[in-house]
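A.B. asks: Here is the input, now give the coordinates:
(2 chains)
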Protein chains: 2
Amino acid sequence: MSKDPLVIFTPSGKRGNFAAGTPVLTAARQLGVDLDSVCGGRGICSKCQITPGFGEFPKHGLTVAKDALSGWNAVEERYDSIRGLKKGRRLGCQALIQKDIIIDVPAESQVHKQVIRKRAEARDITINPATRLFYVEVEQPDMHEPSGDLERLKAALADQWQLSNLVSNTAILQQIQPALRKGKWAVTCAIHEPTNKILHVWPGYFEGPLYGLAIDLGSTTIAAHLCDIYSGEVLASSGLMNPQIRFGEDLMSRVSYVMMNPGGDVEMTQAVREAINTLIQQIADEAEIDPQHIFEAVLVANPVMHHLFLGIDPVELGQAPFALATADSLTIPAVDLAINMHPQAHFYILPCIAGHVGADAAAVALSEEPDKSDDLVLIVDVGTNAEILLGNRERVLACSSPTGPAFEGAQISSGQRAAPGAIEKLRIDPITKEPRYRVIGSELWSDEKGFDTAILSSGITGICGSGIIEAVAEMRMAGLLDASGLIGSAAQTGTERCIVDGRTNSYVIFDGTANGGPLITVTNGDIRAIQLAKAALYAGARLLMDKFGVDTVDRVVLAGAFGAHISPLHAMVLGMIPDCPLEKVTSAGNAAGTGARIALLNLKARAEIEQTVRNIEKIETAVEPKFQQHFVEASSIPHATAPFPLLKTIASLPDVSFNTNSGDTGRRRRRR
Amino acid sequence: MSKDPLVIFTPSGKRGNFAAGTPVLTAARQLGVDLDSVCGGRGICSKCQITPGFGEFPKHGLTVAKDALSGWNAVEERYDSIRGLKKGRRLGCQALIQKDIIIDVPAESQVHKQVIRKRAEARDITINPATRLFYVEVEQPDMHEPSGDLERLKAALADQWQLSNLVSNTAILQQIQPALRKGKWAVTCAIHEPTNKILHVWPGYFEGPLYGLAIDLGSTTIAAHLCDIYSGEVLASSGLMNPQIRFGEDLMSRVSYVMMNPGGDVEMTQAVREAINTLIQQIADEAEIDPQHIFEAVLVANPVMHHLFLGIDPVELGQAPFALATADSLTIPAVDLAINMHPQAHFYILPCIAGHVGADAAAVALSEEPDKSDDLVLIVDVGTNAEILLGNRERVLACSSPTGPAFEGAQISSGQRAAPGAIEKLRIDPITKEPRYRVIGSELWSDEKGFDTAILSSGITGICGSGIIEAVAEMRMAGLLDASGLIGSAAQTGTERCIVDGRTNSYVIFDGTANGGPLITVTNGDIRAIQLAKAALYAGARLLMDKFGVDTVDRVVLAGAFGAHISPLHAMVLGMIPDCPLEKVTSAGNAAGTGARIALLNLKARAEIEQTVRNIEKIETAVEPKFQQHFVEASSIPHATAPFPLLKTIASLPDVSFNTNSGDTGRRRRRR
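C.D. replies: The predicted structure follows:
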């Protein structure tokens, strides 16, 4: 057999000898080379395109003759004439091996191709969809050897694709007979590997696409990405507000709602499921597809949202010992969740880490991989709750911290969500104490030419999460705020923008009252809300550092709202995150959403994160006395106990101290 | 270790040595003795009752001392005082082995107890339910080692009952937290072994009962038995007409309806599912239970009804090659079928044998076990279609034959279904040619005293399937009918009951016209319908005998309508079944329903019938030329080719021959 031609596949390097006349696809399969095929080598799907190499290959010690493969055949001719085949390409199922040869498998012909992510430091996503397409030719019925069409289809899938123990429900039973006859005894099946379920049967060859959704269900917003699960491409992204906000802005107030209103969990479950259905329709409309063609969804959420989405009363999550109904990952039919997708579609829901650290934190861990980091990384994902992960290859710790919605612009006097009209960036001149800012919807700063025109359509309506954080930090740096968090008076600060507001002072950012617009100020109440939120966040991170036995971390990854909009400098000025060289602070964007997308596209990643979560050490902040201590100590700006040797800006903050006003009698400005 | 006490269990004979102090239940479990327990040995369920034997046991060479078991304990005292323990009984989980002992496990303490069936020739049903109850004590949550309540429940089930790979859906997630807390961290789970699904979680100890339904879905009627799946007891039985009759009386007319009316299958599926829901409510009302407590259903049906129930367009079953969508057995959630039972209940549907031989025939095979018969048995199940099985230990053949609904009283001029008022038995005096009959609702014959009073409430309304068969056979034996199936005239037969009816004659059974009642006759059209039906039936049986290579069978089992109501003698006079000694003809009652009940109560029987069905040789009558030949030859009464040496009655039939009338002019009686 040593005379059989040698075939070397690149880039895998796999090699073997095959009898002359063996199709390249067959050789690839036998060697376990990652060469795609949906039609099983029948020249229908064209997914097995390969590039043969001819000539001298000294690296492999091989000379490849011009006739090392069989000639271009009719199937390839037809495919080329209809759809076009790139120069040099052959169909792997049609080209037969004749002599020693080198075969390159281009990226697009690999099943497990990689989607290159935009951020350099992030890993690429390997495509390995949970739902895949399989084309089969099925034996016709024989009344002398009667057997069901389903049994013959399953036999074909076992024989042609080595798929066994497949299951199917009544919907498939209803599809199968017309599909087999319309397809002239050939059909394409969508099969969901985790459950072994046949999800759909199409007559003849169906080339897709199959769609999937990655859903990040937050307390405040719900975001989704629609992907082609074979290519990994994001086709559309959309988001909407979580309608549960009407039951309570933060998680605990929603849990309280259920405690006070029996059956309230059912209302909230309905509300969030309806919102997700709306979101799916919205995103499907944007991508111009039918939601019925979405076969997979991956959802990540914090524990309370996780339970409410699943229809589980979250009341146990509101009291110690914060018991989850289930912590494991879940694979659930979409119909059981009343979600409108393909009727056989499945949801995969990532595991929860602990009663306060949910599937969203697991998704962040999947995206940011602290368990694979050589240096010690602190990952902070801020939403209405903050999820915090700290670790490296050796061990990973996790906790969550109840920051409340202040970082998202809620419970702030002029706060609003990040939408056109919201001030998102802000600087204060340390000399003049005058602010300049940017408003969502325009790239111009307020002191740049054309700003007024640029924001004409929205106006200036409020201040969003990143805006308030920058405002507080800038006020501190400009000497308008003392370390305890008190805003100085006009006399103390030398600017008329500091106005009396009850017993404390407020800082005026924008006064549109003359034209019927808003008066946008930062009040001392706003400062307190931010102080509480940042103290909670810092205390959580600090608690993990205590448990890890460290005083510093090597790097910080900011995710969630943070990653997208908040400047690391300002976060550090505020004392939101522990001290760290600024260049070691990176943004991961919506890491939870990215984690959801990884789990959507790569089945193996699901098993991986399930294992990772099992190994994560869970810290419950609510019952740790040290958390309270850190919290109290972290309320000043920056807080007293944190050394900031690296940040000159912070080190040189003015050492001012203000008092509250004596009464409610000073000069005040009111909104009209 | 040889000094450890010896324990011998009866009736199993299993024995072993156990350390002193071992509970009897523990010993039984280790030896694999069938001793029931739901609570796992906690003295709660009392299902592990045993009877210790004391004194001399020469057969076992054992002397059992009075103190061979530990003394009566507080748990047993309490149980005895509350619920009463039979004299001599102990709780196996409380009684500890001290010395050598003999332990008897009474039938009611065995999980796999047997239900004794009424018919002597039929096997008993071993109880081995697919859904069982398991009581477990679950660890409480620990916020320092967070895990979901579901995961701790599963761990308890694995640890205490060796149940692994359990699955659960959102309904269980919704139940689990309140159940665990209400039950103080002890719950009882219903688990469905075929799917490994947790179906329900009750707080604390739940002792059942669990209910199951055996449903026989016929073309004309739907019958169901409600059983306690642990005891096997039938708690209620009920039936109703198949509402699909409005779409066509026989199967092929329903298939034609779909061909002519696209979407007609959906209508029929809805109709039959609604009827089954009505039937379930009816039977649950009768048994005074909630349909939500029914956890299992087994359904048997012919292929067309099988497909229509599942929502599969049956059109392929109406034309060669009669391809089934699926032939295999099915385990399907009741909700997928829109059937109202426990929301997690499952249907088990027996496998179909072939395109014309359905799950009902498989159920007959399960009940009557031709594959375990030493002698050659012919099993005939007559409904609107006849299923025929022929075989023994060596091989089993099956076919179905399109008898039409005549045997059920349909398409008969005075026919009606078996209900009060219907003539069900009939004899004709061979001398006077006068009929005497019995009517459903009374045990009296029409010539007995008190008959008129007994039937007063219903009157005489028509003639049902068994009645028409007896009428035709009796007419033949009384010389009113010739072998070709023609009814003689009054002149030819010497009775005024033979009246002219168009070109043929009719025989008057009952004339109630004087009092506004019906005129009940047997017309020559009725004779033809019965001739066609019996010829089809006989031809099917005969074809199987040809395939088997035999001319006679050792015994005949009559099932379905046959078994319940038709006399074997008359069936043989008609030539419905092949010749066989009358004492070798037995009735199996509703064998399909019995098979459904066996599959409901015994999980192993499901695997068994699936294997049996795979081995059955399927004969398709529709394409066998010999079937046509047998059919033609079998139309006379009795048919020409059948030798009847054993039945003197048949051998001595009068050798008459009648003609049709010349025109429509003779003496006729019309209904008013």
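A.B. asks: need the next SSE after the helix or strand where A:Val201 lies, C-terminal direction.
C.D. replies: A:Val201 belongs to strand A:197-203 when assigned by DSSP states H and E. For strand A:197-203, the following helix or strand on the C-terminal side (DSSP H and E) is strand A:211-217.
A.B. asks: what packs against that next one?
C.D. replies: strand A:221-228, helix A:264-287, strand A:294-301, helix A:303-310, helix A:359-368, helix A:591-601 (3 or more C-beta pairs under 8 Å, 6 or more residues apart in numbering or on different chains; DSSP states H and E). The way it works is simple: take the backbone N, C-alpha and C, and place the C-beta from them, glycine included.
A.B. asks: Minimum distance to chain B: which of those has it?
C.D. replies: Closest to chain B of the helices and strands packed on strand A:211-217, according to C-beta to the nearest C-beta: helix A:303-310, at 5.5 Å.
A.B. asks: if you compare the helices and strands packed on strand A:211-217, which one is most tucked away?
C.D. replies: helix A:359-368 (a mean of 31; mean count of other C-beta atoms under 10 Å in any protein chain shown).
A.B. asks: and it, how far from the chain's centre?
C.D. replies: 8 Å (C-alpha atoms, centre = their mean, to the nearest Å).
A.B. asks: Check which strands are paired with the helix or strand just after that helix and give the direction for each one.
C.D. replies: Per DSSP H and E, the first helix or strand lying C-terminal to helix A:359-368 is strand A:377-382. Using DSSP bridges, strand A:377-382 pairs in its sheet with strand A:386-391 (antiparallel), strand A:555-560 (parallel).
A.B. asks: Mind putting these into TSV with mean pLDDT and distance to B:Val396?
C.D. replies: Converted to TSV, these look like this (pLDDT from 0 to 100; distance: least, C-beta to C-beta, whole Å):
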stretch	mean pLDDT	distance to B:Val396
strand A:386-391	93	64
strand A:555-560	89	67
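A.B. asks: Kindly reformat the ones you listed as TSV containing mean neighbour count.
C.D. replies: Shown next, in TSV, are these (neighbours: other C-beta atoms under 10 Å in any protein chain shown):
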stretch	mean neighbour count
strand A:386-391	28
strand A:555-560	25
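A.B. asks: B:Leu444 is nearest to which of these?
C.D. replies: B:Leu444 lies closest, by C-beta to C-beta, to one member of the strands paired with strand A:377-382: strand A:386-391, at 83.9 Å.
A.B. asks: quick one: contacts of the closest one?
C.D. replies: A:302, A:357-358, A:360-361, A:364-365, A:368, A:370-371, A:373, A:376-381, A:396-401, A:403, A:536-537, A:540-541, A:544-545, A:548, A:553, A:616 (C-beta atoms under 8 Å, 6 or more residues apart in numbering or on different chains).
A.B. asks: Tally up the residues packed near the spatially closest residue to A:Thr269 that is not a sequence neighbour, please.
C.D. replies: Distance criterion C-beta to C-beta, 6 or more residues apart in numbering or on different chains; nearest residue to A:Thr269, sequence neighbours excluded, is A:Gly311 at 4.6 Å. For A:Gly311, the neighbour count with other C-beta atoms under 10 Å in any protein chain shown is 20.
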